[in-house]
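J.: Generate a structure from the sequence data that follows.
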Amino acid sequence: MISPISVNYALYMTYSGADGETKEEMETALKLNGLDSEELNEQMHHLANYLEYGGVDLQIANSIWGRKNRVEFLDTFQDDMKDYYNARMEELDFNDPEASDTINNWVAENTEDKIEEMVPDNIPNGVLVYLINAIYFNGNWDIPFPEENTREDTFITEKGEERTVDMMSISEEEFSYLENNLFQAVALPYEDESYQMTLYLPQEENSLEDFYNEMNSQNWKKWQKEFMDLEGEVKLPKFKMEYEIELNDVLKDMGMETPFEDADLSKMFHQSQGIYISEVLHKSFIEVDEKGTEAAAATSVAVEEAASMHEFQIEFNRPFFYAIENTEVDTILFMGVVHDPTLD
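T.: Modelled structure (predicted):
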């Protein structure tokens, strides 16, 4: 499971600080279609306000963490992040072990402890900035599954393997339903009926891959219009899942290559040359039972400094060549190879 809105928030904050080719590639990859940063920020601000004041427990939080004494955020960027994203902005000593605890505790707090670690205990020396989104959702079904109906049943995996699951069941209720040659689908509304979980079950002769191949924006919009209210029976397994993915390759395939090599984030902070996005990490959690759904996700964008020529590490832990020379007269006195330093 992924949370598209969480990924978007983290990347949109990054986009707000981008310029040049980095901004152009992000605009293409994120399909912003010429939307400038101010318009995008306003839209995301209004979206968060709308979503958070609904009839479900929904929390959206953003934060930006900079390496102390190395990163100086531009005033305009700070103002935008606070005004539009309500972002917590803080500079930390990333060399202090407590820095990762501070960041991870913020993530845990804003996901009700469903996501507990987004940055490593030892933050890499080159990392300058983390831009992080956290989202939490807790919604009760409008029509709960009766707990007394839950029975052990069989779930068949794509490999044909049988699994015993707790299968929930509800019948003689009206739901929004769609069936075609590709799939069956049902929408389960939450108490705030502007929110619903829509589940798609490929027909037995089809696979999820067949479904994915047909799932595009055009078909998606078409399918939404074809649902109709019908009385029926729904059987759904209880499930609880966690997921983690690094999105670097996905974003590169979407056309966002330059930011991972040489990012222009000159609208974010001073002295922004020689940096790149080293990681876009996404973690998620979901649990579905008779009462409803609890879900959470977090996305972090790590901005790292390219290895400085003034600071390096070299460990001769494999065969190497050496030369002893006089550089004044360009004369080599000795040269050799060490294949095994334990040999005399």
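
J.: Next up, the contacts around Glu21.
T.: By Cβ atoms under 8 Å, 6 or more residues apart in numbering, the contact set of Glu21 is 258, 264. No exception for glycine: its C-beta is placed from N, CA and C like everyone else's.

J.: before we move on, what about Arg151?
T.: 166-167, 169.

J.: Turn those residues into a markdown table, columns for neighbour count.
T.: As requested, the contacts of Arg151 are exported to a markdown table (neighbours: other Cβ atoms under 10 Å):
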| residue | neighbour count |
| --- | --- |
| Asp166 | 14 |
| Met167 | 17 |
| Ser169 | 16 |
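
J.: Among those, which lie within strands?
T.: Members of the contacts of Arg151 lying in strands (criterion: DSSP state E): 166-167, 169.

J.: looking at the chain, which helix or strand is least sure?
T.: Lowest by mean pLDDT, DSSP states H and E among the helices and strands of the chain is strand 331-338, with a mean of 63.

J.: Just the element for Leu236, please.
T.: Taking DSSP states H and E as the criterion, Leu236 maps to strand 228-237.

J.: Partner strands of that strand and their direction?
T.: strand 162-179 (antiparallel) (DSSP bridges).

J.: buried residues in the partner strand?
T.: Residues of strand 162-179 classed as buried by neighbour count (16 or more other Cβ atoms under 10 Å): 165, 167-170, 175-178.

J.: and what of stretch 194-204?
T.: 195-197, 202.

J.: Just the ones of the residues you listed in strands?
T.: Judged by DSSP E, strands contain the following of the buried residues of stretch 194-204: 196-197, 202.

J.: Would you mark the buried spots in stretch 263-271?
T.: 263-269.

J.: swap that for stretch 282-302, sorry
T.: Applying 16+ other Cβ under 10 Å to stretch 282-302 flags 282-290, 292-302 as buried.

J.: Next: stretch 147-157.
T.: Neighbour counts over stretch 147-157 (16+ other Cβ under 10 Å) mark Thr150 as buried.

J.: So for it, first residue to last residue, what's the gap.
T.: 25 Å (Cα to Cα, to the nearest Å).

J.: what distance separates it from the centre of its chain?
T.: Centroid separation for stretch 147-157 versus its chain: 31 Å, with Cα atoms, centre = their mean, to the nearest Å.

J.: same question, stretch 287-304
T.: The chain centroid and the centroid of stretch 287-304 are separated by 9 Å, computed with Cα atoms, centre = their mean.
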